[in-house]
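Enquirer: Starting from these lines, generate the structure:
(one chain, ligands or ions: 1)
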Amino acid sequence: MEKNWAGNVTYRATEIHHPATLVDLRSTVANAARIRALGTKHAFNELADTGGELVSLARMPREVEVDSDGAQVKVSAGLRYAEFSEDVDAKGFALPNLASLPHISVAGATATATHGSGSGNGSLSTSVAGLEIVTADGSLHMITRGDSEFDGAVVNLGALGVVASLTLDLVPAFEIRQYVHEGLPLGADILKVLDGAYSVSLFTDWSSDTINQVWVKQRTQDAEFVPDGTIPADGPRHPVPGMATENCTRQLGIPGRSFERLPHFRPEFTPSAGEELQTEFMVARHDAVAALQAVNEIRAHIHPVLQISEIRAIKADELWLSPHYRRDTVSIHFTWIADAAAVMPVVSMVGARLAEFDARPHWAKIFDIAPEVLQSRYERLQDFEDLAVELDPAGKFRNEFVSELFS
Ligand SMILES: Cc1cc2nc3c(=O)[nH]c(=O)nc-3n(C[C@H](O)[C@H](O)[C@H](O)COP(=O)(O)OP(=O)(O)OC[C@H]3O[C@@H](n4cnc5c(N)ncnc54)[C@H](O)[C@@H]3O)c2cc1C
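Expert: Predicted structure coming up:
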């Protein structure tokens, strides 16, 4: 009985395939009646699940091809970010951004618009320049930036086929200093703080009008940013009070390669708190202050079932199913305790409170929003469905999650 990382979803698949070659992968897909790709199993909901078959790329050959002239890297889709970031750095390049944990697969992260953070940084999906997808009949379909379907294909929820490899844009390697500052008043100019450095995350437990921690990740060449009214932490911090700080990337302003500082958590340790559920809502940047105020009004319900909340900014993009589609975004994330019965009513309450802001939920986390409401928040959903029908006419890659979205 295979479960997701959080242990709250037991996959119903009749079989989980582990092909070791592209030929095997293509025939596995071609021979299946219904199949979904499985990444590193970090989704908190039934997005990856299927009553058909699952295919994991974890045993596929490790491919990392840096094109120094084109400033791109081609990687096998099942690789975790931690498995190639250092190789890219050794060639003098970096990914412009990384997620808070480097343990997730590139295909799973980009299929769901998982983000790194920073007002000037897009989600991890925006680094994708091309994908090789195994489609329903087992053929290999290349989609490259500039192709008419590209903006629909990147954030694909696994509904177009099994992505076998991705080409990602790179930037010159860079270094980051990471600082933690404590005690930011919720009434502070939050947008100014989020804009203050390359990547900024605010952590709060919603126990008071004060944001507990501000994590500032600044490029070493940039001037030091200290948010007004905060006090520099006097030692390393974990976002969740009381958790071991050695799980976290180095702080206190010690410079390090970007891949060692942009994630919050170190690859060799269990990320985050281990036992948890997560929810995340994305609102337009211009609604962020009002949305945070709305959440603050129900904090007495949130705090008892919460481990920690994270607030960050993400730049708008053009990807059809991205929660950041054509809107600069502020995301409000919740790491809940691992008690679905206690947490779900609060998830619904937060979703209802943020409805007036057309909040878009993180695809891979827990939410409770009616399909027709969700559909109204994604103006390119019909285009995506058309693309899915074109590439997968029989619906081989659909599961209940995707079918409900298209209903
Ligand atoms: C502790 C923790 C911290 C997290 N922090 C963040 C965060 O900071 N920011 C954030 O945005 N998210 C975060 N997430 C969510 C996580 O990034 C997403 O759930 C992401 O989708 C995980 O990728 P995965 O490979 O584990 O996907 P899986 O759960 O395995 O799959 C997710 C989706 O991707 C599809 N998929 C996977 N591989 C392929 C493939 N080869 N081809 C086609 N489709 C594929 C699956 O079919 C499924 O639809 C966090 C999750 C955890 C557990």
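Enquirer: can you give me the helices in the stretch 251-400 of the chain?
Expert: Ranges of helices in the stretch 251-400 of the chain, per DSSP state H, counting those that start in this stretch, are 258-261, 288-297, 299-302, 340-353, 371-376, 381-391, 400-406.
Enquirer: deepest of those helices, which one?
Expert: helix 258-261 (a mean of 24; mean count of other Cβ atoms under 10 Å). Heads up, the C-betas are built off the backbone N, CA and C, glycines and all.
Enquirer: Any chance you could list what contacts that one?
Expert: Residues outside helix 258-261 that contact it (Cβ atoms under 8 Å, 6 or more residues apart in numbering) are 81, 85-86, 88-89, 94-95, 98, 102, 173-178, 217, 249-250.
Enquirer: Go through the helices of the stretch 251-400 of the chain and name the closest to the ligand.
Expert: Nearest to the ligand, of all the helices of the stretch 251-400 of the chain, is helix 400-406, at 7.7 Å by Cβ to the nearest ligand atom.
Enquirer: Let's see the closest one as CSV, backbone CA atoms only.
Expert: Taking C-alpha atoms only, helix 400-406 is exported to CSV below (Å, rounded to 0.1, in the frame of the first residue of the first chain):
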residue,chain,number,x,y,z
GLU,A,400,-11.1,12.0,-10.7
PHE,A,401,-9.2,15.2,-9.7
VAL,A,402,-8.7,16.2,-13.4
SER,A,403,-12.1,15.0,-14.6
GLU,A,404,-13.8,17.0,-11.9
LEU,A,405,-11.8,20.1,-12.9
PHE,A,406,-13.0,19.6,-16.5
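Enquirer: For residue 111, what are phi and psi?
Expert: Note on residue 111: backbone dihedrals following degrees, to the nearest 10 are phi -70, psi -20.
Enquirer: Is it in contact with residue 160, as I believe?
Expert: No: with contact defined as Cβ atoms under 8 Å, residue 111 does not count as touching residue 160 (9.1 Å).
Enquirer: And the two? Which one has more around it.
Expert: Neighbour count, other Cβ atoms under 10 Å: between residue 111 and residue 160, residue 111 has more, with 31 against 26.
Enquirer: Report the contact partners of the more buried one.
Expert: 37, 39, 155, 156, 157, 158, 163.
Enquirer: does the nearest residue to it once chain neighbours are set aside count as helix, strand or coil?
Expert: The shortest distance from residue 111 to any non-neighbouring residue, by Cβ to Cβ, 6 or more residues apart in numbering, is to residue 156 (5.2 Å). Under DSSP: H, G, I helix; E, B strand; the rest coil, residue 156 falls in the coil class.
Enquirer: does residue 156 really touch residue 163, like I thought?
Expert: Yes: look at residue 156 against residue 163 with Cβ under 8 Å: they come within range, at 7.4 Å.
Enquirer: Which single residue in the stretch 301-407 of the chain comes nearest to the ligand?
Expert: Closest point on the stretch 301-407 of the chain to the ligand, by Cβ to the nearest ligand atom, is residue 364, at 3.1 Å.
Enquirer: If anything else comes up later, I'll come back, but that's it for now.
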